[in-house]
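K.L.:
Sharing a model that was predicted from the sequence below.
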Amino acid sequence: MLSFQTNHQEFIPAEELQKSVKCFWYDKIDYGRVPSNFEVIPDGYAEIIFYFGNELRISSNGVMKPLTSPFMIGLLHQPAVFNSVDSLEIIGIRCYPWMVFDLLELSSQKGKVGVQAFQHPIAKLQSVLNDLIASHKIEEAIAKVEDYFLTVEVKSGTNTLLSKAGAAMTVAGGSMSVGEVAAVSHVTIRTLERNFKQSSGYTVKNVSAVMRFEQARNRLWLEPNLSIASLAQELGYTDQSHLSREFKRYSGTTPGAFARKAKQQMVNYDFVAFIQS
């Protein structure tokens, strides 16, 4: 059982940013004196993470390696394991993966790496944010981050095609076919896929699959007694076996085992949301 406690807060971005940024969030996590591990489970977002306090580490081939702040969590295809001790404070920017790389003028190919350090001018915010967090000025820290993103949004503009496609995929929870997404975006499948791959490093099908898994995971976490066969039908999987294969692919466990764990663990769900939700 996870032994740490969290204090999770989410902040809705300014309207100008809502096509690129899902939300800004803050968390204070108290682990206790014993080093604790926690998992980040795949979902349909990319996250930029600033952290303050004790060192945050990630498991790489069984070895815990320190992470610099900020770092990025791109789309994951399997859980990532993190480790820290005592207390940690975090500011996160939850972004749509088809928009964030263009927004920050990063190569989308880096999105394939999953959890990674990245070189970017946004890192200059670390010292400013650290001072504000140390003074318990959480809202001011979030405002600083938002101001930065408003500035880069004005410079980058908005890719209308990707915005339309991403909005449709989000509403559908990843259950739309590539053809349906292209039709909503008023482009050919070939044009959609080319633009999507260039911007995010992934295909529409890749991202949709993770988004649909996220829907299944969230439902089972909140309703662990839910029929898996009914859930498969509701989310547009071919059958229960299809859902089970996809679920195990991304989570490393079966839907049934995940539901049993949800019943057993009393964990703050909003923090699980940071852990890629």
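P.N.:
Yes, it's here. In this text, all values refer to a predicted model and were calculated from it rather than measured experimentally.
K.L.:
quick one, longest strand in this protein?
P.N.:
Determined from DSSP state E, the single longest strand within the chain is strand 21-40.
K.L.:
Quick one: the helices in the protein, in order.
P.N.:
97-103, 125-134, 138-156, 160-172, 178-185, 189-200, 204-222, 228-234, 240-251, 255-264, 269-274 (DSSP state H).
K.L.:
Tabulate the CA atom coordinates of the fourth one in PDB.
P.N.:
Written as PDB, here are the backbone C-alpha positions of helix 160-172 (Å, rounded to 0.1, in the frame of the first residue of the first chain):
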ATOM      1  CA  THR A 160      -6.200  24.500 -36.400                       C
ATOM      2  CA  LEU A 161      -6.100  21.000 -37.900                       C
ATOM      3  CA  LEU A 162      -4.400  19.400 -34.900                       C
ATOM      4  CA  SER A 163      -6.700  21.400 -32.600                       C
ATOM      5  CA  LYS A 164      -9.800  20.100 -34.300                       C
ATOM      6  CA  ALA A 165      -8.500  16.500 -34.400                       C
ATOM      7  CA  GLY A 166      -7.400  16.500 -30.800                       C
ATOM      8  CA  ALA A 167     -10.600  18.000 -29.500                       C
ATOM      9  CA  ALA A 168     -12.600  15.200 -31.300                       C
ATOM     10  CA  MET A 169     -10.400  12.500 -30.000                       C
ATOM     11  CA  THR A 170     -10.600  13.900 -26.500                       C
ATOM     12  CA  VAL A 171     -14.400  14.000 -26.500                       C
ATOM     13  CA  ALA A 172     -14.600  10.500 -27.900                       C
END
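K.L.:
Quick one: distance of stretch 219-232 to the chain centre.
P.N.:
Averaging C-alpha positions (CA atoms, centre = their mean, to the nearest Å) puts stretch 219-232 22 Å from its chain's average.
K.L.:
List the residues that contact the residue nearest to residue 24 when sequence neighbours are not counted.
P.N.:
Leaving aside its sequence neighbours, residue 24 sits nearest to residue 11 (CB to CB, 6 or more residues apart in numbering; 4.4 Å). For glycine as for every other residue, the C-beta is placed from the backbone atoms N, C-alpha and C. By CB atoms under 8 Å, 6 or more residues apart in numbering, the contact list for residue 11 reads 23-26, 139, 142, 146.
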